[in-house]
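A.B. asks: need a structure here:
(2 chains)
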Amino acid sequence: DAGITQSPRHKVTETGTPVTLRCHQTENHRYMYWYRQDPGHGLRLIHYSYGVKDTDKGEVSDGYSVSRSKTEDFLLTLESATSSQTSVYFCAISERGDQPQHFGDGTRLSIL
Amino acid sequence: QKEVEQNSGPLSVPEGAIASLNCTYSDRGSQSFFWYRQYSGKSPELIMFIYSNGDKEDGRFTAQLNKASQYVSLLIRDSQPSDSATYLCAVNNQAGTALIFGKGTTLSVSS
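C.D. replies: A predicted model of the protein is given here:
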């Protein structure tokens, strides 16, 4: 299995609080991605990174920010969580943008 | 917005039959195509990728690509109950920086 660790695995928090999810990889892959997965919507790309300090927006980036200060870590932050951000969040990595992505185990986030 | 379309299913097949999963994509510039399997409550798992027109076989799985028709399919031979899952089709975006996923097809294999 690709060395990808997401933390926390589960989190319950309240509307308006900040939340940070972490993705850590041991594969030294250049690309890292954050997705959310919701019933009826499939996997939707939030943000991705193509190198240290190099990030770009995905399809559903509003309300989310990311940072990548080291190759191995990609952080997703919800500055002020809303109930619409309740979802399962997956991190993925790949060597190149057009090559297979490998997924972490996911974080189940509930915002009350 | 470029799209990847899949029938949501459920696709139901008896054990031992061939399951055929289909996917169409809108971006003619796409060059890389992937199939993922996702069990309920789990993360997507890569099962096949294909870059050239034609067929690619790996065990019981065959991926088929037709770029002229913008169509990619996955065949599962000798389907087993353990194949019951949601299958996601993914295609690279035009910039080559990310993948676009379909919403998935749910497969149910009955014993």
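A.B. asks: Run a quick neighbour tally on A:H24.
C.D. replies: The number of residues packed near A:H24 is 17, by other Cβ atoms under 10 Å in any protein chain shown. No exception for glycine: its C-beta is placed from N, CA and C like everyone else's.
A.B. asks: my guess is it meets A:I4, correct?
C.D. replies: Yes - counting by Cβ atoms under 8 Å, A:H24 touches A:I4, with 7.3 Å between them.
A.B. asks: Please enumerate the strands of the chain.
C.D. replies: All of this is about chain A. In chain A, the strands defined using DSSP state E lie at A:4-7, A:10-13, A:19-25, A:31-38, A:42-51, A:54-57, A:64-70, A:73-78, A:87-94, A:102-103, A:107-111.
A.B. asks: Correction: the question concerned chain B.
C.D. replies: Going by DSSP E, chain B shows strands at B:4-5, B:11-14, B:19-25, B:33-38, B:45-50, B:54-58, B:61-66, B:71-76, B:85-92, B:99-101, B:105-110.
A.B. asks: Mind giving me the packing neighbours of the shortest one?
C.D. replies: Right, strand B:4-5. Packing partners of strand B:4-5 (3 or more Cβ pairs under 8 Å, 6 or more residues apart in numbering or on different chains; DSSP states H and E): strand B:19-25, strand B:85-92.
A.B. asks: State the paired neighbours of it in the sheet, together with their directions.
C.D. replies: strand B:19-25 (antiparallel) (DSSP bridges).
A.B. asks: The second one too?
C.D. replies: Strand B:11-14 has its sheet partners listed here by DSSP bridges as strand B:105-110 (parallel).
A.B. asks: Get me the contact residues on chain B for chain A.
C.D. replies: Contacts of chain B with chain A, taken as Cβ under 8 Å from any Cβ of the partner chain, map to B:1, B:31-32, B:34, B:42-46, B:49, B:88, B:90, B:92-93, B:95-99, B:101-104.
A.B. asks: let's see 10 Å
C.D. replies: B:1, B:4, B:6, B:8, B:30-32, B:34, B:36, B:38, B:41-46, B:48-49, B:51, B:86, B:88, B:90-93, B:95-104 (Cβ under 10 Å from any Cβ of the partner chain).
A.B. asks: that older thread, shared neighbours, A:H24 and A:I4?
C.D. replies: Any residue near both A:H24 and A:I4 by Cβ atoms under 10 Å, 6 or more residues apart in numbering or on different chains counts here, and that gives A:32, A:91, A:104.
A.B. asks: Can you lay out the strands of chain A as a markdown table showing mean pLDDT and distance to B:R60?
C.D. replies: What follows is those, written out as a markdown table (pLDDT from 0 to 100; distance: least, Cβ to Cβ, whole Å):
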| stretch | mean pLDDT | distance to B:R60 |
| --- | --- | --- |
| strand A:4-7 | 98 | 27 |
| strand A:10-13 | 97 | 34 |
| strand A:19-25 | 98 | 30 |
| strand A:31-38 | 97 | 26 |
| strand A:42-51 | 95 | 25 |
| strand A:54-57 | 96 | 37 |
| strand A:64-70 | 97 | 38 |
| strand A:73-78 | 98 | 35 |
| strand A:87-94 | 98 | 25 |
| strand A:102-103 | 97 | 22 |
| strand A:107-111 | 98 | 31 |
